[in-house]
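S.K.: Take this sequence and fold it.
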Amino acid sequence: MGAPIDILRIVIAILLPPLAAFLTVGIALHFWINLVLTLCFFVPGMIHALWLVVKKGAPPA
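M.R.: From the prediction side, this is the model:
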């Protein structure tokens, strides 16, 4: 089971995708990609933010 902070980041990724991207990677390329995706179309930005949050929380392979 995930930590409460992970669940909170997933909720933020659904409601405010750029904020979730910022909290996950900071001001990096993925934040700007997410911002553009969210401004053009909300759903791709949300999917990208969820991908970032889940990818960061996954153990390294």
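
S.K.: who's in contact with residue 38?
M.R.: By CB atoms under 8 Å, 6 or more residues apart in numbering, the contact set of residue 38 is 17, 18, 44, 45, 46, 49. No exception for glycine: its C-beta is placed from N, CA and C like everyone else's.

S.K.: What about those residues, which are in helices?
M.R.: Judged by DSSP state H, the contacts of residue 38 include 17, 18, 44, 45, 46, 49 as members of helices.

S.K.: Which of those sits closest to residue 36?
M.R.: Taking CB to CB as the measure, residue 36 lies nearest residue 45 of those, at 8.1 Å.

S.K.: Tell me, how many residues neighbour the closest one?
M.R.: Neighbour count of residue 45, defined by other CB atoms under 10 Å: 23.

S.K.: Next: residue 6.
M.R.: 14.

S.K.: Over to residue 32?
M.R.: 13.

S.K.: so which strand or helix has it?
M.R.: helix 29-40 (DSSP states H and E).

S.K.: Return the residues in contact with the residue sitting nearest the centre point of the chain.
M.R.: Central residue of the chain (CA atoms, centre = their mean): residue 49, 2.5 Å from the mean position. Shown in contact with residue 49 (CB under 8 Å, 6+ apart): 12, 13, 14, 17, 18, 20, 21, 24, 34, 38.
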